[in-house]
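Asker: Sequence first, then the predicted structure, then my questions.
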Amino acid sequence: MLKRNPFIYLFGLILLLAGCVKQDKANSVADPVKSKSKVIIKAVNPKADQKLVSAGKVIYEQNCIFCHQADAIGKPGFAPSLTNQEFLSVASDYFLKSTIRDGRVGTGMPPFAHLGKADIEGLVAYLRSHAKLPNISARVDAEPHTQGDGRLGQVWFEEICASCHGPQGDGYSAGGTGTAIGKIGFLGKASDGFIRETIKNGRSNTRMRGFSGPAAMAALSARDIDDIIAYLRTVPSK
């Protein structure tokens with residue numbers, strides 16, 4: 001019988017362990033830790049249909065440019081900017097399309113349902129072509145509904161919001177520089193998340209500044225903002 005050499009077994013064990021470590025490293029590269037959730041970033045303009053964008057620009061210049069100005073930059077106290085980056089980031093296609101289709105009763109925005117589905121989609125594509133920020137509207141619209149206190153929200157609204165948006169959120173018709181956020185045409189389409197994010201972050205290059213954080217016009221808490229939303233939900237068409 002041959003005598004077994006213990007050094008041979010030791011050498012073999014070292015080779016086996018080295019192979020396992022190498023395999024573990026390969027697996028760690030190919031299969032990341034599963035407990036970490038995958039983050040999907042939606043492209044700003046994923047392969048925009050340039051033909052649709054071009055068609056939408058023609059429709060815009062025939063119907064919208066008179067109020068919303070060239071490149072949809074808007075005019076304070078007259079018509080809002082439709083190419084503002086924060087607006088495009090939080091506004092869903094549903095919000096844009098339905099607003100174009102239905103207009104906003106009680107404001108200077110008439111319905112454009114006569115344009116038809118194809119032309120309205122072209123308009124939205126044209127507006128989206130100006131976007132430089134990611135479209136986060138799906139996440140924003142999925143935010144929870146407000147649980148705020150409308151009575152407290154009324155105090156905040158009258159102190160902070162009414163000077164631009166009017167005492168009842170009537171907007172331009174009340175002589176304000178802000179839009180009609182108290183009308184059903186807006187509130188019936190805007191999610192609580194849309195309103196929440198707009199109050200928090202504002203809209204750059206407009207008179208709508210952010211109201212959350214120490215550098216804001218007013219350091220409103222998350223609860224304060226939800227109180228304002230709760231109040232807005234009680235005032236449409238007053």
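Answerer: Now that the structure is in, tell me what you want to look at.

Asker: quick one: contacts for the residue most central in space within the chain?
Answerer: The residue lying closest to the centre of the chain (C-alpha atoms, centre = their mean) is residue 90, at 1.2 Å. For residue 90, the contacting residues are 136, 137, 140, 193, 194, 197, 198, by C-beta atoms under 8 Å, 6 or more residues apart in numbering. In this view, the C-beta of every residue, glycine as well, is placed from N, C-alpha and C.

Asker: Apply 7 Å and report the result again.
Answerer: Counting by C-beta atoms under 7 Å, 6 or more residues apart in numbering, residue 90 touches 136, 137, 140, 194, 197, 198.

Asker: pLDDT added to the residues you listed, as TSV?
Answerer: What follows is those, written out as TSV (pLDDT from 0 to 100):
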residue	pLDDT
136	98
137	98
140	98
194	98
197	96
198	96
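
Asker: Pull out the buried residues from stretch 143-151.
Answerer: 146, 148, 150 (16 or more other C-beta atoms under 10 Å).

Asker: pLDDT and distance to residue 76 for the residues you listed - can I get that in a markdown table?
Answerer: Shown next, in a markdown table, are those (pLDDT from 0 to 100; distance: C-beta to C-beta, whole Å):
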| residue | pLDDT | distance to residue 76 |
| --- | --- | --- |
| 146 | 96 | 28 |
| 148 | 96 | 29 |
| 150 | 96 | 28 |
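
Asker: Mind checking which of those residues are in strands?
Answerer: Under the assignment DSSP state E, these contribute nothing to strands.

Asker: For residue 69, state which of the residues you listed is nearest.
Answerer: residue 146 (32.9 Å; C-beta to C-beta).

Asker: quick one: contacts for that closest one?
Answerer: Applying C-beta under 7 Å, 6+ apart to residue 146 gives the contacts 192, 226, 229, 230.

Asker: Considering only helices and strands, which part of the protein has the lowest mean pLDDT?
Answerer: Lowest on mean pLDDT, DSSP states H and E among the helices and strands of the chain sits helix 6-30, with a mean of 43.
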